[in-house]
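A.B. asks: fold the stuff below for me.
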Amino acid sequence: MIPVQNITAKRASGNDMHVRSLIALIDELLSIVTEENAELSKGLPASRLKQVDEKNRLADLFQECVAECAAKTAKLHVQDRVLREQLMERILKLREAMDENLVRLRAAIDASNRRIEAVMQAIREQIANVSPYGAGGRRTARSASYSTNVRA
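C.D. replies: I've put the predicted structure just below:
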């Protein structure tokens with residue numbers, strides 16, 4: 001028969017390993033998000049960022065861990081106070097980085113929309129300058145016919 005203390009110790013150490021792997025996952029995600037925020041701060045369009053795929057992969061893994069905890073299939077009862085504080089610190093840092101990321105992505109999307117609108121406006125102006133038709137579909141300029149006086 002196994003003493004109860006040994007079983008509890010094994011569960012706690014397994015749980016600590018789960019928390020350590022969660023901290024490592026958060027650190028990776030935090031690194032990617034921080035790198036993406038730095039690139040977004042330079043004004044790069046969101047569509048040109050190379051971190052998107054990796055961030056999505058890590059975010060999916062993190063979401064799975066959170067879903068497991070919410071479904072209570074994985075418990076994060078951490079006995080080690082230092083480990084628990086590390087986990088909470090990482091979660092707070094990740095939340096701050098993700099909040100900043102959201103703001104920067106919205107700004108990048110707005111900038112992209114402004115660029116698209118500027119290009120569309122330039123196209124509209126160019127078309128309006130060369131078209132003999134107005135917005136209502138009526139001719140605004142007299143048609144001109146150019147020919148050479150050549151007989152076949």
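
A.B. asks: mind listing the helices for this protein?
C.D. replies: 4-41, 52-70, 81-130 (DSSP state H).

A.B. asks: tell me which of those helices sits most buried.
C.D. replies: Among the helices of the chain, helix 4-41 has the highest mean neighbour count (mean count of other C-beta atoms under 10 Å), at a mean of 15. Heads up, the C-betas are built off the backbone N, CA and C, glycines and all.

A.B. asks: that one: how far from the chain's middle?
C.D. replies: 21 Å (C-alpha atoms, centre = their mean, to the nearest Å).

A.B. asks: by how many degrees do it and helix 81-130 diverge?
C.D. replies: Calculated by axes from the mean of the first three to the mean of the last three C-alpha atoms, to 10 degrees, helix 4-41 forms an angle of 30 degrees with helix 81-130.

A.B. asks: give the other helices and strands that helix 4-41 contacts.
C.D. replies: helix 52-70, helix 81-130 (3 or more C-beta pairs under 8 Å, 6 or more residues apart in numbering; DSSP states H and E).

A.B. asks: among these, which is nearest G137?
C.D. replies: The closest of these to G137 is helix 81-130. By C-beta to C-beta, the value is 13.2 Å.

A.B. asks: circling back to that earlier point, and the helices and strands packed on helix 4-41, which one averages the lowest pLDDT?
C.D. replies: Least confident of those, judged by mean pLDDT, is helix 52-70 with a mean of 86.

A.B. asks: circling back: any idea which of the helices and strands packed on helix 4-41 gets closest to L30?
C.D. replies: Comparing those by C-beta to C-beta, helix 81-130 comes nearest, at 5.2 Å.

A.B. asks: what angle separates the closest one from helix 52-70?
C.D. replies: 140 degrees.

A.B. asks: which strands and helices sit next to helix 81-130?
C.D. replies: helix 4-41.
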